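> coords please:
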Amino acid sequence: MIAAEAISEADIAERITELGERIAHDYQGLRPVLVCVLSGSLVFLADLIRRIPIECEADFLGLTKFGEGGRVRVAMDTATSLASRHVLIVEDIVDTGLTLRLLRQMMEERSCASLQTVSLLDRTTRRIVDVPIEYRGFEVGDEFLVGYGLDWKGAFRNLRSLWAILDFASFAADPSELLPIADPARGDRLAP
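Model prediction:
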């Protein structure tokens, strides 16, 4: 088998509802700005913000990695001034923690009133630096995941659940093999 469903659409929806309720409770009366780290976090942000029943805003930040060391730079900055604002960084997955540490440092330099992080996925097995994640969806292992915003070469972000690739060599040779497994009703229309 090329892949197996790691987290179902229903489980994702249930967990995001729980996160939205916790965030609404913790930020009651504060009007947080949810800063979405593009592009993988976009699907998560869209569902999360609709499940936060208080007034809040969304903004976007694009990062690029380059060079042998994977140095990170800002490709697209937020449009909103974050000074004196309650900022919630929205991440799809926290892996080594290096990117999140850099993001938190950048946000702290902007004099935010408060700064917290919500991440759909947390891969603690690869953590290099300790970073706070105040709101965590699911802890995952080392498997390569696609779907629900996570991609492979730009494709598969639109799958409704998360899929673990079990046979990466076969997947890389013919990624379209995942489509009938991941979404039989729409598989032929999801081709990368």
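> What's opposite Leu145 in the beta bridge?
Ala164 (DSSP bridges).
> residue contacts, it?
By Cβ atoms under 8 Å, 6 or more residues apart in numbering, the contact set of Leu145 is 6, 93, 121, 162-165. Any C-beta I mention is one placed from the backbone N, CA and C, and that applies to glycine too.
> now do Gly40
So Gly40 contacts 92-93, 149-151, 157 (Cβ under 8 Å, 6+ apart).
> In strands, which of these fall?
92-93 (DSSP state E).
> Can you name the two of the contacts of Gly40 that sit furthest apart?
Largest separation among those by Cβ to Cβ: Ile93 and Arg157, giving 12.7 Å.
> More neighbours: which of the two?
Ile93 (23 against 17; other Cβ atoms under 10 Å).
> Regarding the residue nearest to that one when sequence neighbours are not counted, what is its secondary structure?
Nearest residue to Ile93 in three dimensions, chain neighbours excluded: Leu121, at 4.0 Å (Cβ to Cβ, 6 or more residues apart in numbering). Per DSSP: H, G, I helix; E, B strand; the rest coil, the secondary structure class of Leu121 is strand.
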